[in-house]
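Asks: my questions concern the predicted model and sequence given below.
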Amino acid sequence: PKMLRFSRQLFGPVFTPKMCLAKADFHCTASDLRLQKLSRLRIVDNSAIGRAAMMEGTPPKIIHVYSKKKFGYTGDKVLVTIKGEMKKAIIVGCHENQPALQPRFDTNNAVLVDEAGSPLGTRILVPIPTHLRKKLKDMSRTKGADYTKLLSIATTFV
């Protein structure tokens, strides 16, 4: 007891491991890295509105995901708000954990497209996942829009 009082005077209150666990600030649930409504994106093409939004520091947000699930994944079409306008975009990279042999990106990347599926920019500035080629070609056949133009303006594939 004397030693305990002496150590309290020198070092302050003594914490037992049980007390430290009670005071720990951690969450038991995993963080949600999926793309859903109000998720922020990074526009990675060189379209004028995309560059202006990224320079201004107000990233676009998803307001609708065009899929049966409520979450957006690589290759899905989404509706975004960017500088007060509503534009459609294709997700070309996700921050969430990916299946085997599919790259995971540091940010959630998207490319702006018009109603016909043509990209608004003339160049995509980040690498595009290779598995997106097949997905976009299949989407082009079923939806009627030509999403393969995204593949032609991409600079690199990973």
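Replies: Thanks, I have the structure now. Residues are numbered from 1 along each chain as shown.
Asks: just give me the residue right at the centre of the chain.
Replies: N108 (2.2 Å; C-alpha atoms, centre = their mean).
Asks: relative to V80, how far out is that residue?
Replies: 11 Å (C-beta to C-beta, to the nearest Å). C-beta here means a position set from N, CA and C on the backbone, and glycine is covered the same way.
Asks: next, show the common contact partners of the two.
Replies: Contact criterion C-beta atoms under 8 Å, 6 or more residues apart in numbering; residues shared by N108 and V80: L41.
Asks: can I assume the residue nearest to the centre of the chain is in contact with V92?
Replies: No - taking contacts as C-beta atoms under 8 Å, N108 lies outside contact range of V92: 9.5 Å.
Asks: residues in contact with the residue nearest to K37 when sequence neighbours are not counted?
Replies: Ranked by C-beta to C-beta, 6 or more residues apart in numbering and with sequence neighbours excluded, the top spatial neighbour of K37 is I62, at 5.8 Å. Listed by C-beta under 8 Å, 6+ apart, the contact set of I62 reads L35, Q36, K37, L38, S39, L41, G72, V78, L79, V80.
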